[in-house]
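A.B. asks: One predicted model, sequence on top.
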Amino acid sequence: MLSKLTFPLEQLNLDRFFTGEGPFDSPLILARRRIFILPTRQGVLFAIVLGIMLIGSINYNNSLGYLLTFLLASVAVVSILHTYRNLLSLKISVGNIQPVFCGEKIKIPVVIDNSGLSERFAIQAELSGEQIRSCDVAQDGWASISLSYKTRTRGMHRIPRITISSVFPLGLFRAWSHVRLNNTYLVYPEPAGKTRLPFQWNEEQQQLRGYHKGTDDFAGLNTYIPGDPLGHIHWKAYAREQGLFTKKFGGNNEQELWLDWRVLDGLSTEQKLGQLAKWVLEADKTEMNYGLWLPGNRIAPSLGPMHKLKCLKALALFREAM
């Protein structure tokens, strides 16, 4: 008999109330069991006022007082249903998240899809208590809310908890649902350190690589030597205060620049990654082939935006062997 009266503690999941379940794959539908509702401060104050009005009506046996009190109370009760239904069955998903550098703000586009038969008003989206944005969602339509917050560490991260809420129509009650999704975003290391690229080629290395001066194809940069043709000077690099270099032309015998982890002795892991990220950005501007060498990862020299993103992603996900 005692076992039948025991409260089923496994059904008492306070995590759903405070932090939400999951994470889940998007889109996530706000079903009944995922939505909670409680009075707001204004709702509590409204209830106190109704209580005072009821006491006054009883004390003075005022019929109009009773009428007004119960009319306002019935309006408040009906607003509970409307506030709750304003969130019910909404589909929440997250759009494409662009990578950023550590210290910058990541932008998370939250997509709210309303396949219901009524328009939803004043839907609020909040990102871990840092920012609140609101929007209206048309019947059988969708809306997007862009939330952002400052990144603090590099790497691949799961998006923080998103809270979808509403106090429509009267502001007396607040319905909310905590949404935890599996979507991730990438944070590159913060570029830091020397701007000047590590050009360390000498004549012996150039001869071993079959380098020769020619005028067929651009093959990289050399440190300026008095007497080099002025027409070959890389003025853009000089304007960016990267130093004075001359353009190399060598047909198919391109010179390659390696951005090497091993030349950064004396720096911490994060300082090395920051310097390499800085060099990747600068090397991309020079329009020359560059490669990246990391412990356990070697990216062959290449050019272009995709190569730059590949190198930055390798730096973001780097984990030093223990």
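C.D. replies: Yep, it's here.
A.B. asks: outside of the helix or strand containing S93, which residues touch it?
C.D. replies: In the assignment (DSSP states H and E), S93 maps to strand 91-94. With Cβ atoms under 8 Å, 6 or more residues apart in numbering as the test, strand 91-94 has contacts from 26-30, 108-115, 159, 162, 164, 179, 181, 183. Yep, even glycine has a C-beta here, placed from its N, CA and C like the rest.
A.B. asks: Starting from that strand, tell me which strands it pairs with and how they run.
C.D. replies: With DSSP bridges as the test, strand 91-94 is paired with strand 28-29 (antiparallel), strand 105-114 (antiparallel).
A.B. asks: Would you pull up how far the last one lies from the middle of the chain?
C.D. replies: The chain centroid and the centroid of strand 105-114 are separated by 10 Å, computed with Cα atoms, centre = their mean, to the nearest Å.
A.B. asks: send the alpha carbons of it over as PDB?
C.D. replies: Only the C-alpha atoms of strand 105-114 are listed here, as PDB (Å, rounded to 0.1, in the frame of the first residue of the first chain):
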ATOM      1  CA  LYS A 105      31.000  38.200 -31.200                       C
ATOM      2  CA  ILE A 106      29.400  35.100 -32.700                       C
ATOM      3  CA  LYS A 107      26.100  35.600 -34.400                       C
ATOM      4  CA  ILE A 108      23.500  32.800 -34.000                       C
ATOM      5  CA  PRO A 109      20.500  33.100 -36.300                       C
ATOM      6  CA  VAL A 110      17.400  31.600 -34.500                       C
ATOM      7  CA  VAL A 111      14.700  30.600 -36.900                       C
ATOM      8  CA  ILE A 112      11.100  30.400 -35.500                       C
ATOM      9  CA  ASP A 113       8.700  28.600 -37.800                       C
ATOM     10  CA  ASN A 114       4.900  28.900 -37.200                       C
END
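A.B. asks: Now do stretch 178-193: distance from first to last residue.
C.D. replies: Length of stretch 178-193, first residue to last, Cα to Cα, to the nearest Å: 41 Å.
A.B. asks: And that stretch, what's buried?
C.D. replies: 178-181, 183, 185-191, 193 (16 or more other Cβ atoms under 10 Å).
A.B. asks: Can I get these in JSON lines including distance to N59?
C.D. replies: Converted to JSON lines, these look like this (distance: Cβ to Cβ, whole Å):
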{"residue": "H178", "distance to N59": "44"}
{"residue": "V179", "distance to N59": "48"}
{"residue": "R180", "distance to N59": "51"}
{"residue": "L181", "distance to N59": "54"}
{"residue": "N183", "distance to N59": "58"}
{"residue": "Y185", "distance to N59": "61"}
{"residue": "L186", "distance to N59": "67"}
{"residue": "V187", "distance to N59": "64"}
{"residue": "Y188", "distance to N59": "70"}
{"residue": "P189", "distance to N59": "71"}
{"residue": "E190", "distance to N59": "68"}
{"residue": "P191", "distance to N59": "73"}
{"residue": "G193", "distance to N59": "78"}
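A.B. asks: Narrow these to those in strands?
C.D. replies: H178, V179, Y185, L186, V187, Y188 (DSSP state E).
A.B. asks: Please report the distance of the spatially most central residue of the chain from T184.
C.D. replies: Nearest to the geometric centre of the chain sits I106, at 3.8 Å (Cα atoms, centre = their mean). Distance, I106 to T184, by Cβ to Cβ, to the nearest Å: 11 Å.
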